[in-house]
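Asks: below are the sequence and a predicted model for it; my questions follow.
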Amino acid sequence: MVGVALRGYVMDLATNNPAQIQGYLAHNQAPADYVLPASLAKTAVTGCAIESWQGAKVSMICFRTGKPLPPAQPSDLWLFVIDRAAMKDAPPVGSHQFVKVNNL
């Protein structure tokens, strides 16, 4: 999924309203039942896209951290949300793993 963000993408909905994003995702049967951590909830949202990964819908929520960005890059932070049932051998709830992929 990181490749989607790195290759370039088109947001299905461009908005700075988090409630509109969740509503759009839910209306389009994409994963929308998520709660943002407090620090991420304070980050400016720029929109969302609905992608596919291994046959499952993935919600891609786009944020902007405030760092300078190239003119064609609308965001520099992405949250991918997928239905847990679509993940074989999903990690335990509450566990986190941060991994550097390319320049991200």
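Replies: Perfect, thanks for sending it.
Asks: flag every buried residue along the lowest-mean-pLDDT helix or strand in the chain.
Replies: Ranked by mean pLDDT, DSSP states H and E, the weakest helix or strand in the chain is helix 2-7, scoring a mean of 76. In terms of neighbour count (16 or more other Cβ atoms under 10 Å), helix 2-7 has its buried residues at 4-5. Where C-beta positions appear, they are placed from N, C-alpha and C, glycine not excepted.
Asks: counting contacts, what elements does that helix pack onto?
Replies: Identification of packing neighbours for helix 2-7 by 3 or more Cβ pairs under 8 Å, 6 or more residues apart in numbering; DSSP states H and E yields no helix or strand.
Asks: hmm, 10 Å instead?
Replies: Applying 3 or more Cβ pairs under 10 Å, 6 or more residues apart in numbering; DSSP states H and E, one finds that helix 2-7 contacts strand 44-53, strand 56-64, strand 77-82.
Asks: can you list the weak-confidence ranges in the chain?
Replies: Applying pLDDT under 70 to the chain flags the ranges 103-104.
Asks: what residues does the lengthiest helix in it touch?
Replies: For the chain, the helix with the greatest residue count under DSSP state H is helix 18-27. With contacts defined as Cβ atoms under 10 Å, 6 or more residues apart in numbering, helix 18-27 is touched by 11-15, 17, 30-34, 36, 41, 43-50, 57, 59-63, 81.
Asks: now the closest residue to Ala86 other than its chain neighbours: how far from Gln20?
Replies: Leaving aside its chain neighbours, Ala86 sits nearest to Ala56 (3.6 Å; criterion: Cβ to Cβ, 6 or more residues apart in numbering). Per Cβ to Cβ, to the nearest Å, Ala56 is found 23 Å from Gln20.
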